[in-house]
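>>> no sequence for this one, just the structure:
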């Protein structure tokens, strides 16, 4: 019993529940970078348009929204140009949605690799979030180009100091997607049902987020539902920064940030707890 | 010296059947026991890991109470039948899955080579995959860059190194994968049957590299294989696992012999009562074992008892493969008198391909009377022993003709 302390590592049935093992993830940072790279390279090998696909998706999504919701249904955009308004919403929302969707099946899609070799499993979802972040960056660039174009054409756009919160918003979106995704992926190892729930749940959730309808245009009766959605604060603040329309409140941002912190910690703990034996049940 | 790995009462329980149905209720039961501070109810049940018998419980112990220690610099060969628990043990050691109870303490990094080329991405080039694979196995970019030339050189794929791996032949993929893994620098390396792939030249290289790894670098290696030849060549100590338990531990030769003695069941035939006039009384192996190396002769003793006198009787035997096809047979005419006879059968070495065989015995007067006929009186295993031979296993027929027999003579120029 006495020489137990002299060993550098040990393998035991259960780890401490709240051991986040962030140091271990740091050790594998090179792997993280390589996974991101692999994601990118493999995505566009043997395509003609290559990275242009990053632009095509949001452009079409925005165009359809501008025609259907802005042109036909004449929904309010709080005075902002519809194209910019929807593109802002879509760009931000897609980042969160992609993070959530692609991290939520980490265990099931990587079972083959995870079954053969050990590395901190959290590296996988983290790499997904980072590669989505790059994709988001490209989307944001597209948005900024259009934004500058509209500004030059003399549209009143009112960018304001709230834009300084942008890094925080990006972190919140990424980590919320990551945290929820890790939680879901840990649970899908046993119960596959959740996977389907996430698939369409993400789509539905968009309508409870001010991507299409600004918070101000939502009837008071439904506002609590929207306010309870932690993504509302992020999207609303994101748009506020660029257009100075809609609502900005520290409570909303604080709620989103708090929710994200909890979701991420719970997600990571459950994820780390699952990674040990998931291969037996997946 | 202090052991580098110490495994203490390690156990692993698996649930059989389809996971998913009833998991929720069992999960709830488990949780309820935990809440009340009791032991997990499902850990009390469970049966030993015997593949061939039908069990009552749906929980089995793939490993039960495993204890062993490994000294630094040792190459430990882990041997066992399919399903004995070897792979489970390696999986726990490489942290792919966790143990149910018990613990393992070790010093340094554990690197595993459970399947070479793990995580190779078909779209990436060989070079990119070296980095990716190396990182998956726990190396840093710096370490890989420092060894890049050496790795490419070892793999022998230099020409293709900037081609996507999907264009590689399977042999090349394996070479590249092994090259990366072989340059991994963990204090403890786990290897699972990688040497079964690749051509003979590469196998030799791989075995050499493994020897270098442990001898030169003082690295500790745990090696699992069914190939007794490479086990004997490489390992210093052995560990035999059967039904999830350590059944033998010691020098590699002792452990291999122990394993070979127990590969299958029919080591002896004794005639049942109610015999015919002439019958096979007994059959057994001369050296009470059933596993034979390819380069070993198989010697069988058969005793025939006769109550009559006949001149044109014959004793015959056939070697039958595992698909119940006769590989070859031999008929030996003899005139029998009342009394017992003893036949020795000697199957030449380097003839039967590594596989499982049984012996069929018969005594008769050809085309007239069949006195006795015993299907699979004995069974034995020819064991793969060298890297060159592994290619014969399975699909190259049952009989192997060595090159030195000169089936085809060297051609002479025609005038």
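On my side now, so go ahead. None of the values given here were measured: they were computed from a predicted structure. Numbering: from 1, shown residues only, chains lettered A, B, ... in the order given.

>>> SS state for residue A:84?
helix (DSSP: H, G, I helix; E, B strand; the rest coil).

>>> check contacts around it.
A:143, A:146, A:147, A:150, A:157, A:242, A:243 (C-beta atoms under 8 Å, 6 or more residues apart in numbering or on different chains). Bear in mind the C-beta positions are built from the backbone N, C-alpha and C, glycine included.

>>> where does the fourth one fall, secondary structure wise?
Element membership for residue A:150, per DSSP states H and E: helix A:123-152.

>>> beyond that helix, next helix or strand please.
helix A:166-188.

>>> ok, back up a step: from the contacts of residue A:84, pick the one nearest chain B.
residue A:143 (29.8 Å; C-beta to the nearest C-beta).

>>> next, the contact list for that closest one, please.
A:84, A:87, A:88, A:91.

>>> narrow those residues to those in helices?
Among the contacts of residue A:143, the ones falling in helices (DSSP state H) are A:84, A:87, A:88, A:91.

>>> closest one of these to residue A:42?
Ranked by distance to residue A:42 (C-beta to C-beta), the ones in helices among the contacts of residue A:143 are led by residue A:91 at 23.4 Å.

>>> where does the closest residue to chain A within the stretch 151-300 of chain B fall, phi/psi-wise?
At 7.7 Å from chain A, residue B:164 is the closest residue in the stretch 151-300 of chain B, using C-beta to the nearest C-beta. With angles defined as degrees, to the nearest 10, residue B:164 sits at phi -60, psi 140.

>>> check the contacts of residue A:143 and tell me the two furthest apart.
A:84 and A:91 (10.4 Å).

>>> picking up where we left off before, tell me the one of the contacts of residue A:143 nearest chain B?
Each of the contacts of residue A:143 was scored against chain B by C-beta to the nearest C-beta, and residue A:91 proved nearest at 27.4 Å.

>>> that closest one against residue A:58, yeah?
Yes: Residue A:91 is within contact range of residue A:58, at 5.9 Å (criterion: C-beta atoms under 8 Å).

>>> tell me which of the two has more neighbours.
Using other C-beta atoms under 10 Å in any protein chain shown, the more surrounded residue of residue A:91 and residue A:58 is residue A:91, with 23 against 20.

>>> the closest residue to the more buried one other than its chain neighbours: what's it in contact with?
Leaving aside its sequence neighbours, residue A:91 sits nearest to residue A:139 (C-beta to C-beta, 6 or more residues apart in numbering or on different chains; 4.3 Å). If you count contacts by C-beta under 8 Å, 6+ apart, residue A:139 has them with A:54, A:55, A:58, A:91, A:94, A:95.

>>> now swap in residue B:181 and tell me
Taking C-beta under 8 Å, 6+ apart, we find residue B:181 in contact with B:111, B:113, B:116, B:133, B:137, B:194.

>>> my read: the fourth one touches residue B:180, true?
Yes: look at residue B:133 against residue B:180 with C-beta under 8 Å: they come within range, at 4.8 Å.

>>> check the burial of the residue of the stretch 151-300 of chain B closest to chain A by counting its neighbours.
Residue B:164, neighbours per other C-beta under 10 Å, totals 19.

>>> across the sheet, point out what pairs with it.
Taking DSSP bridges, one obtains residue B:125 as the residues bridged to residue B:164.

>>> contacting residues around it?
A:45, B:122, B:123, B:124, B:125.

>>> leaving out sequence neighbours, find the closest residue to the first one.
Nearest-residue entry for residue A:45: residue B:123, 4.5 Å, with adjacent residues in sequence omitted and distances by C-beta to C-beta, 6+ apart.

>>> run a quick neighbour tally on the one you found.
16.

>>> got the phi/psi numbers for the closest residue to chain B within the stretch 151-282 of chain A?
Per C-beta to the nearest C-beta, residue A:276 is where the stretch 151-282 of chain A lies closest to chain B, at 3.9 Å. Note on residue A:276: its backbone torsions stand at phi -60, psi -50 [degrees, to the nearest 10].

>>> what's the burial count for it?
20.

>>> can you count the residues close to the spatially closest residue to it that is not a sequence neighbour?
Take residue A:276 and drop its neighbours on the chain: the residue closest to it by C-beta to C-beta, 6+ apart is residue B:98, 3.9 Å away. By other C-beta under 10 Å, 19 other residues sit near residue B:98.

>>> before we move on, what SS does residue B:98 have?
Going by three-state DSSP: residue B:98 is coil.

>>> so it touches residue A:274, yeah?
No: between residue B:98 and residue A:274 there is no contact, the gap being 10.6 Å when judged by C-beta under 8 Å.

>>> from residue B:377, how far off is the residue most central in space within chain A?
Centroid-nearest residue in chain A, with C-alpha atoms, centre = their mean: residue A:96, separated by 2.3 Å. Residue A:96 is 72 Å from residue B:377, where distance means C-beta to C-beta, to the nearest Å.
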